[in-house]
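# Need coordinates for the below:
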Amino acid sequence: MTGPAERIRLDKWLWQARFFKTRSLSAKVVTGGHVQLNGARVAKPAALIGAGDVLTFPQAKETRVIKVVAPGTRRGPAPEAQMLYEDLAPPLPREERALQPQVPKFEGKGRPTKRDRRLMDQTRGQALD
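Okay, here's the model as predicted:
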């Protein structure tokens, strides 16, 4: 098990590992209840994590599952940050993401027409299947 000197705040670690651009943004995600630590939801950015802990959180349109390998000491370059974690669920390759059904988005130029609305409903129905 890790000692108290080898533990770090959750929001600080997420920032140092370069998952979020700012520390306040990482704290906002944690406070919003979107982060799970070893399967339990965490709502406090000051929660301490160490090596061996598993984090699950949303990033962009993907859900990341990360195993903490080491607590960081600074926010360094990306190759240094990638050594702080092991990605347990790597993101899909670009080709596979392109094959997933896409729901058309309304461009916001007034109300959609009846035809546009039917097309959106039809595509959403396929995406839910």
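
# Can you list the residue ranges for strands in this protein?
8-9, 35-37, 40-42, 48-49, 54-59, 62-68, 85-87 (DSSP state E).

# Listing partners with orientation, what would you give for the fifth one?
Right, strand 54-59. strand 35-37 (antiparallel), strand 62-68 (antiparallel) (DSSP bridges).

# Show me this structure divided up by domain.
4-90, 92-129 (automatic domain parsing).

# for those, which one ends up most surrounded?
domain 4-90 (a mean of 15; mean count of other Cβ atoms under 10 Å). From N, CA and C alone the C-beta is placed, and that goes for glycine too.

# Quick one: mean pLDDT over that one.
The pLDDT scores in domain 4-90 average 92.

# Can you lay out the strands paired with strand 54-59 as a markdown table showing distance to residue 109?
Converted to a markdown table, these look like this (distance: least, Cβ to Cβ, whole Å):
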| stretch | distance to residue 109 |
| --- | --- |
| strand 35-37 | 37 |
| strand 62-68 | 29 |
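
# for this protein, which helix is longest?
helix 114-128 (DSSP state H).
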